[in-house]
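>>> Fold the following and give me the result.
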Amino acid sequence: MSCGYMPTFSYIEGCGANITSCNCDFVHTYNPKRCTIKNDTVIVVDKACPGCARHIEAQNVWHIVTKLYTAWTTKLVFNTTTYVKFGMRSPLGRISNELWHSISPSTSYNTAHFCNVVVLRKSTPPPTRQVVGYAKLKMPDKLWSLSFVKHKCFQSSSRLLWAAFVQSLVRSRVSDAVRPVQSCFLLRKPLGATRPPSRKKNQRVEANASLLIREYNMSPLFFTPRDRLEYQIRAMRACKISVGIHGAQMMNVMWMQGEHVIEYDYANSIKYYYKNIAELAGATHVKRTICLHQNTSCSSYLTETGVIFNVDFMHFS
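Numbering: from 1, shown residues only. Below is the predicted model of the structure:
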């Protein structure tokens with residue numbers, strides 16, 4: 001069973017046997033006459049965070065991992081010591097740097113010294129919400145195929161390769177086991193921070209998260225691009241249940257080894273990024289609807305200050 005266009009171990013083996021079969025992912029060149037490093041491979045990446053602006057607060061874990069996963073799977077194809085070289089935008093912020101350094105010891109290389117040079121094809125987010133023609137786009141970053149289509153990723157063969165990817169990143173930062181024992185709230189803004197009233201700007205911001213966290217004894221988690229990767233991994237691997245409003249912070253459920261992910265979003269939203277990622281992580285995913293107006297039957301509703309959670313309707317089990 002497929003999980004979008006996510007690669008599998010058989011795909012990696014097929015590419016290793018016939019490099020030209022992976023043409024839509026990368027371009028491979030080999031020129032032994034002008035190189036000195038014959039046994040290693042350098043992967044050239046255009047941007048460490050495709051789709052991100054040029055300032056640190058805009059660094060988005062989803063965008064970073066879409067390209068990182070492509071580079072990691074390419075590394076498996078060549079099965080050699082692999083290094084990464086950035087063409088346009090290098091990693092910005094501690095999280096981005098540590099994620100990329102987890103698959104490459106350094107990112108400053110002269111590609112002319114390498115006999116094996118692999119250039120990842122450029123990729124941008126899908127131009128429309130409809131990803132029916134995803135195959136025609138020939139986008140190398142297969143993670144984007146999980147964006148707007150609901151897949152059965154829990155039962156897919158792609159899950160094994162994804163699990164190997166996540167475990168390789170975890171082992172690079174965390175050596176001891178972390179038990180999933182707590183319920184976590186993944187925050188869109190720091191706990192206690194206020195924003196000017198605006199239904200439009202605050203439609204994905206928590207208005208009363210502190211009440212919910214106190215009522216259910218939850219662990220509040222707010223991550224920034226300046227955090228250490230080890231901290232984020234440890235915090236998420238301790239989560240048995242993760243709760244949050246749809247947004248980039250939900251990508252951190254990829255580190256979970258817990259049971260449930262509860263995501264709040266609007267009824268007309270067809271974004272399935274984190275539903276599919278939760279299933280790849282082995283967790284069940286539940287979507288809860290945010291009502292546009294106050295309603296006593298809603299578990300959450302939108303106000304000018306953000307999303308209000310109705311504590312009486314919360315169930316996290």
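>>> what are the ranges of the strands in the stretch 201-317 of the chain?
For the stretch 201-317 of the chain, the strands defined by DSSP state E, counting those that start in this stretch occupy 219-221, 239-245, 260-266, 284-290, 300-303, 306-309.
>>> Check the offset of the fifth one from the chain's centre.
Put plainly, it is strand 300-303. 27 Å (C-alpha atoms, centre = their mean, to the nearest Å).
>>> Just put the strands of the stretch 201-317 of the chain in CSV and tack on mean pLDDT and distance to Ser210.
Heads up, the C-betas are built off the backbone N, CA and C, glycines and all. CSV is the format used below for the strands of the stretch 201-317 of the chain (pLDDT from 0 to 100; distance: least, C-beta to C-beta, whole Å):
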stretch, mean pLDDT, distance to Ser210
strand 219-221, 96, 8
strand 239-245, 95, 14
strand 260-266, 94, 16
strand 284-290, 93, 18
strand 300-303, 93, 15
strand 306-309, 92, 10
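>>> Tell me where the model's unsure across the stretch 201-317 of the chain.
By pLDDT under 70, the weakly predicted segments of the stretch 201-317 of the chain are 313-317.
>>> in the chain, which spans are helices?
With DSSP state H, the ranges of helices along the chain come out as 9-17, 61-78, 94-101, 134-137, 158-173, 209-215, 229-237, 273-280.
>>> which one of those helices lies closest to Gln294?
Nearest to Gln294, of all these, is helix 209-215, at 15.7 Å by C-beta to C-beta.
>>> Just the C-alpha atoms of the closest one, please, in PDB.
Output in PDB follows, covering the C-alpha atoms of helix 209-215 (Å, rounded to 0.1, in the frame of the first residue of the first chain):
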ATOM      1  CA  ALA A 209      -4.200  27.200  26.000                       C
ATOM      2  CA  SER A 210      -3.100  27.800  29.600                       C
ATOM      3  CA  LEU A 211      -6.500  26.800  30.900                       C
ATOM      4  CA  LEU A 212      -6.500  23.600  28.900                       C
ATOM      5  CA  ILE A 213      -2.900  22.700  29.900                       C
ATOM      6  CA  ARG A 214      -3.700  23.300  33.600                       C
ATOM      7  CA  GLU A 215      -7.000  21.300  33.500                       C
END
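>>> Flag every buried residue along it.
Ala209, Leu212, Ile213 (16 or more other C-beta atoms under 10 Å).
>>> Provide a list of residues in contact with the first one.
Okay, so that is Ala209. With contact taken as C-beta atoms under 8 Å, 6 or more residues apart in numbering, Ala209 is in contact with Phe185, Leu187, Leu191, Pro220, Phe309.
>>> Could you measure from the second one over to Phe222?
For Leu187, the distance to Phe222 under the criterion C-beta to C-beta, to the nearest Å works out to 4 Å.
>>> These two: which has the busier surroundings?
A direct count of neighbours by other C-beta atoms under 10 Å for Leu187 and Phe222 places Leu187 higher, at 22 against 15.
>>> and of the contacts of Ala209, the nearest to Asp25?
Checking those against Asp25 with C-beta to C-beta, the nearest one is Leu187 at 35.2 Å.
>>> Need phi/psi at the closest one.
phi -80, psi 150 (degrees, to the nearest 10).
>>> Tell me, how many residues neighbour the nearest residue to Tyr69 once chain neighbours are set aside?
Spatially, and ignoring its direct neighbours in sequence, Tyr69 is nearest to Leu143 (5.5 Å; C-beta to C-beta, 6 or more residues apart in numbering). Leu143: 26 surrounding residues under other C-beta under 10 Å.
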